[in-house]
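Enquirer: Give me a 3D structure for the following:
(2 chains)
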There are 2 protein chains.
Amino acid sequence: MENVRLIEVKEDILSDNIKLAGEVRERLRGTQTMLLNLMSSPGSGKTSLILQTVEGLAGKVRFGVIEADIDSTVDAEKVTARGIPAIQLRTGGFCHLDATMVTQGIDAMDVSELDLVIIENVGNLVCPAEFDTGAHKNIMILSVPEGDDKPLKYPLMFSICDLLLINKIDYLSLSDFDMSALRERALALNPRLTILEVSCKTGAGIEGWIDWLNGEVETFKNMEE
Amino acid sequence: MENVRLIEVKEDILSDNIKLAGEVRERLRGTQTMLLNLMSSPGSGKTSLILQTVEGLAGKVRFGVIEADIDSTVDAEKVTARGIPAIQLRTGGFCHLDATMVTQGIDAMDVSELDLVIIENVGNLVCPAEFDTGAHKNIMILSVPEGDDKPLKYPLMFSICDLLLINKIDYLSLSDFDMSALRERALALNPRLTILEVSCKTGAGIEGWIDWLNGEVETFKNMEE
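Expert: Predicted coordinates:
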């Protein structure tokens, strides 16, 4: 628990989330800090991806992490153990993050010193897709064991993301996951979706993810306001 | 789509869900129909378990299925293809089932002819745990690739279930999933939880699940009102 700052967050049902999300985006544009919202089902590999990202970005990009969980601080502890600033938001049963909660996380970090903040949203393919967190980019993980039919069942999540990472490709040998069917279903929902295949366990494909992320951070910094 | 009855359901925010759930339970007690609520993350194997259950219960237990999904009817189609009556509830973005929605499913089935109805809830480890569907038993699936830390992050789901099925044990050889740590964490939250290990793909452990289910249906039928 050392080094982990824990914040108990609550939904502010009276606030205008869309307006607040816009304010978060503008504020972080001012400090040149890109905000990335990472979403997936429970256990798809969000924390593992963040730990791989720590290795890949070390010395290149100054970044921090906002971890959200219904309970526990295990994820933030893993991140701070690698020397990366992390805030743990405990949602107390709440199923997604909104812009109010993210604001509380950002308030607790020195964002002016950071190029990138990654939010690890609550593990849930449904509710997080419905709430704008104020992120500049939305990305999702789908892991191979979850199956290639997920775009049919959770279409909104696939529709709102900029990047889809297909994780646990090391399980492909044991699985009947049809990668081309998955790509076709996801792109039918969202033709501008970038799709990358990775294994956070073996490291396969992680270089492509780091390249994408570096490129996005660079583009963000050079963007006209 | 043939044979699949699709019902668009909406949340009734004015209703008293706890009261309605009690009414569902009592009504099905009257027809001696046990109602089972099956929950898990997306892609943990709910539909695969139901398809295995079709084989295991054939000729012994008369049962039907209520499938819930945000979109698509693929699950109900798979079930009706095996000759089992299935209703598809389309929640239109809604993240869980409540007793009002389940009532609409039951109204569309001839429950007096059934010993068992299995609800396949929306794939989500968070919200479904918070809403009583009227089921007599709640069961959940956790699949090996999701990881052994899930009781720490989604404690409510583990707390409210009668049975935990650990699925995809055929992935154990590729995984660092710690079965004894998982059992310890789950039982700490819920000491009366029954835990069974299965693989819906290979069929391993399915006999134990069918035995448990047969026993519960038998006990339910013999129970004093």
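Enquirer: and A:Gly123, which of the three is it?
Expert: Secondary structure, DSSP: H, G, I helix; E, B strand; the rest coil: A:Gly123 is coil.
Enquirer: residue boundaries of the strands in chain A?
Expert: Assigned strands in chain A, in chain order: A:5-8, A:34-39, A:63-69, A:86-90, A:116-120, A:137-143, A:163-167, A:194-197 (criterion: DSSP state E).
Enquirer: Distance to B:Asp149 added to these, as CSV?
Expert: C-beta here means a position set from N, CA and C on the backbone, and glycine is covered the same way. Putting those into CSV (distance: least, CB to CB, whole Å) gives the following:
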stretch, distance to B:Asp149
strand A:5-8, 17
strand A:34-39, 17
strand A:63-69, 10
strand A:86-90, 14
strand A:116-120, 14
strand A:137-143, 15
strand A:163-167, 16
strand A:194-197, 24
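Enquirer: and of those, who's closest to chain B?
Expert: Closest to chain B of the strands of chain A is strand A:63-69 (CB to the nearest CB; 5.3 Å).
Enquirer: Show me what the closest one is packed against.
Expert: Here strand A:63-69 touches helix A:46-57, helix A:74-80, strand A:86-90, helix A:99-107, strand A:116-120, going by 3 or more CB pairs under 8 Å, 6 or more residues apart in numbering or on different chains; DSSP states H and E.
Enquirer: Pick the most buried one from the ones you listed.
Expert: When the helices and strands packed on strand A:63-69 are scored by mean count of other CB atoms under 10 Å in any protein chain shown, the highest mean neighbour count falls to strand A:116-120 (a mean of 25).
Enquirer: Tell me what angle that strand forms with strand A:86-90.
Expert: Counting by axes from the mean of the first three to the mean of the last three CA atoms, to 10 degrees, strand A:116-120 lies at 30 degrees to strand A:86-90.
Enquirer: hey, which helix is longest across chain A?
Expert: Using DSSP state H, we find that the single longest helix of chain A is helix A:206-222.
Enquirer: other SSEs contacting it?
Expert: For helix A:206-222, the contact count by 3+ CB pairs under 8 Å, 6+ apart identifies strand A:34-39, helix A:46-57, strand A:194-197 as packing neighbours.
Enquirer: and the second one, what does it pack onto?
Expert: Under the contact definition 3+ CB pairs under 8 Å, 6+ apart, helix A:46-57 sits against strand A:34-39, strand A:63-69, helix A:74-80, strand A:116-120, strand A:163-167, helix A:206-222.
Enquirer: Taking the centroid of chain A, which residue is nearest it?
Expert: For chain A, A:Leu38 is the residue whose C-alpha lies nearest the centre (CA atoms, centre = their mean; 1.3 Å).
Enquirer: surely that residue meets A:Lys46?
Expert: Yes: under the criterion of CB atoms under 8 Å, A:Leu38 lies in contact with A:Lys46, with a separation of 5.4 Å.
Enquirer: Give me the common contacts of the two.
Expert: Contact criterion CB atoms under 8 Å, 6 or more residues apart in numbering or on different chains; residues shared by A:Leu38 and A:Lys46: A:Glu120, A:Asn121, A:Ile141.
Enquirer: residues in contact with the last one?
Expert: By CB under 8 Å, 6+ apart, A:Ile141 lies in contact with A:Leu38, A:Met39, A:Ser40, A:Ser44, A:Gly45, A:Lys46, A:Leu49, A:Leu164, A:Leu165, A:Ile166, A:Asn167.
Enquirer: out of those residues, which one sits closest to B:Val79?
Expert: Of all the contacts of A:Ile141, A:Ser44 has the smallest distance to B:Val79: 25.8 Å, by CB to CB.
Enquirer: Quick check: that closest one vs A:Lys137, distance?
Expert: Using CB to CB, to the nearest Å, A:Ser44 is found at 18 Å from A:Lys137.
Enquirer: before we move on, what about A:Ile106?
Expert: Taken as CB to CB, the span from A:Ile106 to A:Lys137 is 16 Å.
Enquirer: before we move on, what about A:Ala108?
Expert: 22 Å.
Enquirer: repeat for A:Ala76
Expert: From A:Ala76 to A:Lys137 the distance is 21 Å (CB to CB).
Enquirer: Chain B contacts on chain A?
Expert: With CB under 8 Å from any CB of the partner chain as the criterion, chain A comes near chain B at residues A:41-44, A:69-72, A:74, A:93, A:95, A:122-127, A:130, A:143-147, A:149-150, A:152-156, A:168, A:170-171, A:174.
Enquirer: ChimeraX command to pick out the buried ones of the residues you listed?
Expert: Here is the ChimeraX selection string for the buried members of the residues of chain A next to chain B, based on 16 or more other CB atoms under 10 Å in any protein chain shown:
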select /A:41,42,43,44,69,70,72,95,122,123,124,125,126,127,143,144,145,146,147,149,150,152,153,154,155,156,168,170,171,174
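Enquirer: The lowest-mean-pLDDT helix or strand in chain A packs against which elements?
Expert: Averaged element by element with mean pLDDT, DSSP states H and E, chain A has its least confident helix or strand at strand A:5-8 (a mean of 73). For strand A:5-8, the elements it packs on are strand A:86-90, judged by 3+ CB pairs under 8 Å, 6+ apart.
Enquirer: Which residues does the strand it packs on contact?
Expert: Residues from elsewhere that reach strand A:86-90, judged by CB under 8 Å, 6+ apart: A:3-9, A:64-71, A:73, A:75-76, A:79-80, A:97, A:101, A:104-105, A:108-109.
Enquirer: surely A:Asp148 meets A:Ser175?
Expert: No: with contact defined as CB under 8 Å, A:Asp148 does not count as touching A:Ser175 (9.1 Å).
Enquirer: So between the two, which is more surrounded?
Expert: Counted by other CB atoms under 10 Å in any protein chain shown, A:Asp148 and A:Ser175 do not tie: A:Asp148 has more neighbours, with 22 against 19.
Enquirer: where's that one relative to A:Ser180, distance?
Expert: When A:Asp148 is compared with A:Ser180 (using CB to CB), they lie 9 Å apart.
Enquirer: Good, wrapping up.
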